[in-house]
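Chemist: turn this into a structure:
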Amino acid sequence: MELALGTVQFGLAYGAVGSGQTVAEAEVERILAAAWQQGVRTLDTAAAYGDIEARLARLCGTLDFRIISKIRPLSGLSQAQALAAVQMSIEQSRQRLGERLNALLFHSAADLLAAGGPALWEQAEQQLKGSGIRLGVSCYGPEELLTLRQRHDISIAQLPANALDQRLQQTLQGPQAEQLKGVELHVRSAFLQGLLLAPERGAQRVPAAAPFLHAWQNDCQAQDLSPTVAALGLVKALPQVHSCVVGVESLAQWQDIAGAWQQARPLHRPHLACALPEAYDPRLWPKP
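Modeler: Residues are numbered from 1 along each chain as shown. You can find the predicted model right below:
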């Protein structure tokens, strides 16, 4: 499994317990240089991450990262508008990222699950035909991916997985794992937008998660593991996963995570799994 670098914090103020600011360009360049030196070769970005997709190739300089980007969400558009938006989003991503662009994901699985989804997929598939750019989807859970896998030739997908949200782990250990073979799986939200790294602040920010974060904190202490190492260990235990995407706000954060990645060993903590979506799904969290 590889460590990949997410770029959302480079274009947006992001994270439930983040700084509330985007990362300055000089710091982004330092982070990218350090990540490359430490073996990272994949960046994750999106058209919806502020303006970072437009700036990312320049910030990479001579560093030949593979970049995965996303077709912008299409909620609220008519079918004709959505088809046009898919076309424009793909054209812009290809123009901005050039030969670095390795894959494009639909940012919202809901767009593909809707009635007009098959036409949107076909539009994107035709645009990318012969380009070598893979087509996939970003999901909020494995159930979305399993449904879409039956409809489309999805070659790459991104899903959340962490101590509280262990749905992917459960899927990959069950009979449905066979349906996901051939899909390059990328995991995000290993730290649950920072809640797992700062559980006391996280409990205040997301009250529904408080008892689960308390159990997580106690488990880390009992195992004498830092939350960063423990969170990455849980991801490393996932079978069939290609990479873990992490985002940072500073070079110091990156160095901490890169060091923890080297230390982390596969970790199984099924007793920490949470069945309450309000605790692990950011879409259901209270607005700040």
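
Chemist: strands of this structure, start to end?
Modeler: Taking DSSP state E, the strands of the chain run over residues 2-6, 42-44, 66-71, 101-106, 134-138, 156-160, 184-188, 241-246.

Chemist: report the central residue of the chain.
Modeler: The chain has residue 188 as the residue nearest its centroid, 3.3 Å off, counting by CA atoms, centre = their mean.

Chemist: could you measure from that one over to residue 128?
Modeler: Separation of residue 188 from residue 128 (CB to CB, to the nearest Å): 22 Å. The way it works is simple: take the backbone N, C-alpha and C, and place the C-beta from them, glycine included.

Chemist: in the protein, where is pLDDT below threshold?
Modeler: 15-18 (pLDDT under 70).

Chemist: mind listing what residue 11 touches?
Modeler: 22, 45, 49, 50, 51, 52, 53, 55 (CB atoms under 8 Å, 6 or more residues apart in numbering).

Chemist: make it 10 Å
Modeler: 22-23, 28, 45-56 (CB atoms under 10 Å, 6 or more residues apart in numbering).

Chemist: cool, and residue 184?
Modeler: 68, 103, 134, 136, 154-158, 240-243.

Chemist: that one pairs with what?
Modeler: Note on residue 184: beta-bridge partners residue 156, judged by DSSP bridges.

Chemist: next one: the one 4 residues further on
Modeler: Per DSSP bridges, the residues bridged to residue 188 are residue 160.

Chemist: dump the residue contacts of it.
Modeler: Applying CB under 10 Å, 6+ apart, the residues near residue 188 are 4, 6, 8, 44, 138, 158-162, 235, 243-247.

Chemist: and which of the residues you listed is nearest to residue 149?
Modeler: Nearest to residue 149 out of the contacts of residue 188 is residue 159 (CB to CB; 12.0 Å).

Chemist: next one: the closest one from residue 180, what distance?
Modeler: From residue 159 across to residue 180, the span is 10 Å (CB to CB).

Chemist: now do residue 214
Modeler: For residue 214 relative to residue 180 (CB to CB), the value is 32 Å.

Chemist: between those two, tell me which one has more neighbours.
Modeler: residue 180 (20 against 13; other CB atoms under 10 Å).

Chemist: how about the more buried one, what does it touch?
Modeler: Contacts of residue 180 by CB under 10 Å, 6+ apart are 142, 145, 146, 149, 154, 157, 159, 168, 171, 172, 240.

Chemist: could you turn the buried ones of the residues you listed into a PyMOL selection?
Modeler: A single PyMOL command selects the buried members of the contacts of residue 180 (16 or more other CB atoms under 10 Å):
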select buried, resi 142+145+149+154+157+159+168+171+172
